[in-house]
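S.K.: output the structure for:
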Amino acid sequence: MIAAAVAALALAPGASGAFHYDALGPMRDVTAAWQAYQPANTFCVRPKTDEYTPGGIGPTVTGTNPACRHSGFSRTTKGLVVIHVRTPLLCPGCRRLFIDFAGIPRKSPPGRHYPRGHVFYRFESLNPTYTLDPIDHSPNTKNFTNDKLLSPEGSPQEQIIGALDLHQAFGYTGDTLNFIHTRIQGPYYTGPWYVSRSGRRIRGVYFDVDVAGATQAPRAQANDIGYVGGFNSGTACPGDQDSFYGGCVDWWAYSTSTVNPYAPRRSSR
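M.R.: Residues are numbered from 1 along each chain as shown. Now for the predicted structure:
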């Protein structure tokens, strides 16, 4: 979460059509199948980026660890980090929205760029009453509440930052290509996938949006939720090195896919 990313998103309201496309992949409502997207409480990832945060990724294990085997790694794989995050179940009155990283093209067509690493993004809607609990999301993305160096458990700053994150005051950081984990900043990490309770790798990120506590706008389009993100497209950034989850941003875009959480639910996997 760096100044360059914030500056990129600050320009977003003046976006032209050239910046309207699903850069992070399409977004859809998966509420009807939310259990299939529920993360395992314990699984493994393999960070491989250059790490400049003091303490680095912390202790590592090999693929012989049961959690790593459950995550799909071979027994001989080294440098794995065990992730322990008890992600809340879908909250009553919430809708689970999933951004599908698998929908990011491998090659960028002329005039468009797609993330090849670090991303900084937030949800956008004309309805300002939606809230997102700071921990009601997949473990492979972070806000300031999830940064336990900045927001220690039970601290006064955690309460203040949590209240701001409830309304997405700062947005989220993530990574569509590399896994980044820093021990001193807590169990949440950034990376292209997480592991579900069934042992499936889910490529993308989800968020549980509180609809019950929101006010439905009379005009349907005003209830639509999309996203805007700045990211490392691999064109101008020198790489995807990490320091305190900050990263280079050289492009940005608005999503064209949106979700109206008041629309009838449909099964989506």
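S.K.: measure stretch 59-75 end to end?
M.R.: With CA to CA, to the nearest Å as the measure, stretch 59-75 spans 17 Å from end to end.
S.K.: show me which residues of it are buried.
M.R.: For stretch 59-75, the neighbour count (16 or more other CB atoms under 10 Å) marks 60-61, 63, 65, 67-68, 70-71, 73 as buried. All C-beta atoms are positioned from the backbone trio N, CA, C, and that covers glycine.
S.K.: got it, and stretch 167-175?
M.R.: 168, 170-175.
S.K.: same question, stretch 102-120
M.R.: 103-104, 108, 113-120.
S.K.: ok, those vs S198, which is closest?
M.R.: G103 (21.6 Å; CB to CB).
S.K.: okay, that closest one: pLDDT?
M.R.: Confidence at G103, expressed as pLDDT, is 97.
S.K.: could you do T60 as well?
M.R.: With respect to pLDDT, T60 has a value of 97.
S.K.: and it, its phi and psi?
M.R.: With angles defined as degrees, to the nearest 10, T60 sits at phi -120, psi 160.
S.K.: about what we covered before: and the buried residues of stretch 167-175, which of them are in strands?
M.R.: 172-175 (DSSP state E).
S.K.: my guess is W193 contacts N140. True?
M.R.: Yes - W193 lies in contact with N140 (CB atoms under 8 Å); the separation is 6.5 Å.
S.K.: more neighbours: which of those two?
M.R.: N140 (28 against 21; other CB atoms under 10 Å).
S.K.: which residues touch the more buried one?
M.R.: Neighbouring residues of N140 by CB atoms under 8 Å, 6 or more residues apart in numbering: 45, 174, 188-194, 205.
S.K.: just the residues you listed: which are in strands?
M.R.: Per DSSP E, the contacts of N140 map to strands at 45, 174, 193-194, 205.
S.K.: let me know the closest of those to G229.
M.R.: Nearest member of the ones in strands among the contacts of N140 to G229, counting by CB to CB, is G174, at 8.7 Å.
S.K.: longest helix of this protein?
M.R.: helix 156-165 (DSSP state H).
S.K.: check which helix or strand covers the nearest residue to A102 once chain neighbours are set aside.
M.R.: Residue nearest to A102 in three dimensions, not counting chain neighbours: R203, with 4.6 Å by CB to CB, 6 or more residues apart in numbering. For R203, the host element (DSSP states H and E) is strand 201-210.
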